[in-house]
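Participant: quick one, what's the 3D model for this:
(one chain, ligands or ions: 1)
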Amino acid sequence: MRKNIFLLIIAFSASSLFAQSRWTTEEEEKAIGALLTEMTLVEKIGQMTLFTSDWDQTGPTLREGYQEDIKTGRAGAIFNAHTADYNRDLQRIAVEETRLGIPLIFGYDVVHGYRTIFPIPLGETASWNTPLAEETARIGAREAASAGLHWTFSPVVDIARDPRWGRVMEGNGEDVFLGNAMTEARIKGYQGKDLADPFTLVACAKHYAAYGAAQAGRDYHTVDISERSLRETYLPPFKAAIDAGIGTFMTSFNEVDGQPVSGNYHLLTEILRDEWGFEGFVVTDYTGISEMVPHGIVANEADAGELAVTAGVDMDMQAAVYYNYLEQHVAEGKVELARIDQAVRQILRIKYALGLFEDPYRYNDMERQAANIFTPEHRATARLAARESLVLLKNENNALPLTKSISHLAVIGPLAKSQEDMLGAWHGDGRAEDCVSVLTGIQAAIDKAATISYLPGVAIEGDDESDIPAALAAARLADAVVVVVGEKWNMSGEAASRTSITLPGKQAELIRQLHQIGKLVIVVLLNGRPLDLTNIIDHADAILEAWYPGTEGGHAVADILFGDYAPVGKLPITFPRSVGQVPIYYNMKNTGRPYDPNNKYTSKYLDESNDPLFPFGFGLSYTTFSYGTPTVTKEASTGDFTATVSIEVTNSGKRSGREVVQLYVHDLVGSVTRPLRELKGFQLVDLAAGESKTVEFTLGKEELSFLRRDMTWGMEPGTFDIYIGGDSRASQKVSFEY
Ligand code: NOJ
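Facilitator: Coordinates of the predicted model:
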């Protein structure tokens, strides 16, 4: 095959409109041009076609006979097939049995690890630790690339403000600034410095765009938002992904402004290509193209294919619409060959960048696979990442940490012993049997002489309370009770929206009754979305949000419960008091009638406070932090502006700890109304007991700009209030004028 391509380069060396791209050298662009002249239309459409293998599926259609499609050059990409040898066999068909020998690209949802599973992305974002997120992505890539994969359908960069939407677990939560930082870190981790490094994967920013704004939190549902909020809130993480050098984009299932995204020229061409200059390729989500028929934007699949390709979709995942109809469209002049060539070029670029033309089997080495998957080092990082993802929501009278020399601990709850539920959704090749449950983690941490009694008490769902008395009896004998409750792993993720976000089944009742017997009740939560904890908040001495913490989760939970490590996590998403407050997020606007408890005609509820139960950025430690008075110095020169804000932060408690120091901006008056607070800086500060440090933030034009009335980005003159503290209610304030 290499010889073929070499000859083609010589034969075609004069032609190429494309000098080079972010992904390829001039030489490689020429080689792609040469290949394009050699390819038949059917082979080109093959490069634009992605089919799932029969290993796995994440949607309704399973296509049989994909091996035959590879052989005939009609499928250039495969997903849900993994392991070095399995993919080698498929690659061999493409390379040795097709006319041009173009290698396949193999994709998979490596979302929070491949075999070593890290906390779900929302949980990992609670660490606010970007180098850590980069490292876990790097390990995910290392394992997956060793298992024959080239491409991850990650990171999920959707901003999500509706906890009913099950996919909040996959992203970075509600905030743009934090979301951008995590997006960038994960892309760096997956893609490394150079995609040609065979331990990296090409990443995919998804789901473009505004998928998280689904009405009523119902998955796949209609999105209707203004261009302003699209550009201010939902698009920035995608732009950040391009700036970080991402190679691929995935369209979302939803419509935006009446146009399903897989047929949305404005998003896919005007913004993504023309404004942002993206040079990689765009794939649909699953059967996104054929779904445009039920969306009601086209009458049939053939028209859907025409709409998608002209809007800017390069690769059809699973719908087989390009496969079935593109040839005919080109023949009839409905789709220009130049557009097909452009799409194929963008796909081949990434194959080149991955080094697949140089050696298509470079990801298919069995020894490399054995040496790089689920290693002790990877597991150690999983434990560390899980620890940092945990958020301590309540700790009345320092209920935590527990002592390891406790004589009798009752571990209760339907999730206490579960290994499977440590994984969370989108767990790649992660396996339940590899996971450390909370019970096992506790057993490993506690003194050997201690008695641990375990009982589930209730099931996750259902009305059965018959086992509660036995759980209460065990708890009566214990010195403290750890109750592990939450949602089953598949109650969040894709197609997992809920209208109620309280603890399902009788779990709250179990907690209430355990509390009534007067023992210390420590609640550990396993879940993928913000829960309404109003009905348990007064029945727990401590609440530890553990999300789905991954393979080593049980050890990480025990590390925190017994005080080997002080909690550092801070919520990346608001926890409401009730589902009726949704959508609720910290950077709301003031309205013309801001909340006034003494005035009925202000913006509020009759039956509920406006405040969330736990605000964005919130999380307790085993120590406390106090903040000094912030100061600001400004520097302005022609066309430039920076404000430096400093504040002294002190560990005012008795043990060392880490604070996530957060800075929020309020631009008081703008040509369009501004949120009351916007996160514009954060720093992780480690402090010994009694220690103080001065933390400094620099705010430049980028941080202080917004989308003005005329839809251009920029700063406007006026007053800026700056708040600094340990969560989004931060009260230390300083102001400056611009
Ligand atoms: C559907 C999901 O929406 C998407 O996130 C995923 O990458 C694809 N299926 C492939 O599994």
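Participant: contacts and neighbour counts: CA atoms only from here.
Facilitator: Fine.
Participant: residues in contact with whichever residue of the stretch 601-738 of the chain sits closest to the ligand?
Facilitator: Nearest residue of the stretch 601-738 of the chain to the ligand (C-alpha to the nearest ligand atom) works out as residue 616 at 25.2 Å. Listed by C-alpha atoms under 8 Å, 6 or more residues apart in numbering, the contact set of residue 616 reads 570-575, 585-586, 727-728.
Participant: also residue 543?
Facilitator: The contact partners of residue 543, by C-alpha under 8 Å, 6+ apart, come to 392-395, 522-525.
Participant: now the helix or strand hosting it: how far from the chain's centre is it?
Facilitator: Counting by DSSP states H and E, the element that carries residue 543 is strand 542-545. The gap between where strand 542-545 is centred and where its chain is centred comes out at 22 Å by C-alpha atoms, centre = their mean, to the nearest Å.
Participant: ok, it: who's next to it in the sheet?
Facilitator: When pairs are called by DSSP bridges, strand 542-545 turns out to pair with strand 391-395 (antiparallel), strand 520-526 (parallel).
Participant: how many neighbours does residue 355 have?
Facilitator: Residue 355 has 18 neighbours, counted by other C-alpha atoms under 10 Å.
Participant: now do it, the pLDDT please.
Facilitator: Note on residue 355: pLDDT of 97.
Participant: go ahead and confirm it touches residue 194.
Facilitator: No. With contact defined as C-alpha atoms under 8 Å, residue 355 and residue 194 do not form a contacting pair (10.1 Å).
Participant: what pLDDT does residue 73 get?
Facilitator: Residue 73 is assigned a predicted lDDT (pLDDT) of 96.
Participant: ok, it - contacts?
Facilitator: Applying C-alpha under 8 Å, 6+ apart, the residues contacting residue 73 are 42-43, 46-47, 94, 98-99.
Participant: what about the closest residue to the ligand within the stretch 501-650 of the chain, which SS state?
Facilitator: Residue nearest to the ligand within the stretch 501-650 of the chain: residue 528 (15.5 Å; C-alpha to the nearest ligand atom). Classification of residue 528 using DSSP: H, G, I helix; E, B strand; the rest coil returns coil.
Participant: secondary structure class for the closest residue to it other than its chain neighbours?
Facilitator: Taking C-alpha to C-alpha, 6 or more residues apart in numbering, and ignoring the residues beside it in sequence, residue 528 has residue 169 as its nearest neighbour in space, at 4.7 Å. Following three-state DSSP, the label given to residue 169 is helix.
Participant: do the same with residue 508
Facilitator: When classified by three-state DSSP, residue 508 comes out as helix.
Participant: confirm for me that residue 555 is in contact with residue 443.
Facilitator: No. At 9.3 Å, residue 555 does not count as touching residue 443 under the criterion of C-alpha under 8 Å.
Participant: on that earlier part again, for the strand holding residue 543, give the mean pLDDT please.
Facilitator: In this model, strand 542-545 carries a mean pLDDT of 99.
Participant: can you check what angle separates the helix or strand just after it from strand 520-526?
Facilitator: Elements were assigned by DSSP H and E; along the chain past strand 542-545, the next helix or strand is helix 553-561. Taking axes from the mean of the first three to the mean of the last three C-alpha atoms, to 10 degrees, helix 553-561 and strand 520-526 form an angle of 140 degrees between their directions.
Participant: for helix 553-561, output the C-alpha coordinates as CSV.
Facilitator: C-alpha atoms of helix 553-561 as CSV (Å, rounded to 0.1, in the frame of the first residue of the first chain):
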residue,chain,number,x,y,z
GLY,A,553,-13.5,4.6,44.2
GLY,A,554,-14.0,2.6,47.4
HIS,A,555,-10.4,3.2,48.6
ALA,A,556,-10.8,6.9,47.7
VAL,A,557,-14.0,7.2,49.8
ALA,A,558,-12.3,5.5,52.7
ASP,A,559,-9.3,7.8,52.4
ILE,A,560,-11.7,10.7,53.1
LEU,A,561,-13.9,9.0,55.6
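Participant: sorry, back to before: neighbour count for residue 555 and residue 443, which is higher?
Facilitator: Between residue 555 and residue 443, counting by other C-alpha under 10 Å, residue 555 is the more crowded of the two (26 against 17).
Participant: now do the contacts for that one.
Facilitator: Residue 555 makes contacts with 383, 436-438, 440-442, 444-445, as judged by C-alpha under 8 Å, 6+ apart.
Participant: tell me the SS of the closest residue to the ligand within the stretch 351-500 of the chain?
Facilitator: Distances from the stretch 351-500 of the chain to the ligand, computed as C-alpha to the nearest ligand atom, single out residue 494 as the nearest residue at 6.4 Å. The local conformation at residue 494, judged by three-state DSSP, is coil.
Participant: I'd guessed it sits against residue 168; true?
Facilitator: No. With the criterion set as C-alpha under 8 Å, residue 494 and residue 168 do not qualify as a contacting pair; they are 9.4 Å apart.
Participant: out of the two, which sits in the more crowded spot?
Facilitator: Here residue 494 and residue 168 are set side by side on neighbour count (other C-alpha under 10 Å), and the busier one is residue 168, at 29 against 19.
Participant: contact partners for the more buried one?
Facilitator: Contacts were defined as C-alpha under 8 Å, 6+ apart; by that measure residue 168 touches 122, 160-162, 212, 492-493, 528-529.
Participant: okay, the contacts of residue 555 in TSV with neighbour count and secondary structure next?
Facilitator: As requested, those are arranged in TSV below (neighbours: other C-alpha atoms under 10 Å; DSSP: H, G, I helix; E, B strand; the rest coil):
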residue	neighbour count	secondary structure
383	25	helix
436	26	coil
437	29	coil
438	27	helix
440	18	helix
441	21	helix
442	25	helix
444	14	helix
445	17	helix
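Participant: okay, which residue is most central for the protein?
Facilitator: Within the chain, one residue has its C-alpha closest to the average C-alpha position: by C-alpha atoms, centre = their mean, that is residue 171, at 2.6 Å.
Participant: show me what contacts it?
Facilitator: The neighbours of residue 171, taking C-alpha under 8 Å, 6+ apart as the test, are 121-122, 155-160.
Participant: any idea how far the ligand is from it?
Facilitator: If you measure residue 171 against the ligand using C-alpha to the nearest ligand atom, to the nearest Å, the figure is 11 Å.
Participant: thinking again about what came up before, what residues are up against the residue lying closest to the residue of the stretch 351-500 of the chain closest to the ligand once chain neighbours are set aside?
Facilitator: Setting aside the residues directly before and after it, residue 494 is nearest to residue 167 in space (C-alpha to C-alpha, 6+ apart), at 5.6 Å. With contacts defined as C-alpha under 8 Å, 6+ apart, residue 167 is in contact with 212, 219, 492-497.
Participant: who wins on neighbours among those residues?
Facilitator: Neighbour counts for the contacts of residue 167 were taken using other C-alpha under 10 Å; the highest belongs to residue 212, which has 31 neighbours.
Participant: so that residue sits against residue 157, correct?
Facilitator: No. Counting by C-alpha under 8 Å, residue 212 does not reach residue 157; the two are 9.3 Å apart.
Participant: pLDDT score for residue 64?
Facilitator: Among the per-residue scores, residue 64 shows a pLDDT of 73.
Participant: what is the burial count for it?
Facilitator: Residue crowding around residue 64 was assessed by other C-alpha under 10 Å; the count is 12.
Participant: do the same with the one 5 residues further on
Facilitator: Other residues lying near residue 69 total 18 when counted by other C-alpha under 10 Å.
Participant: again with residue 582
Facilitator: Residue 582 is surrounded by 18 other residues when neighbours are defined as other C-alpha under 10 Å.
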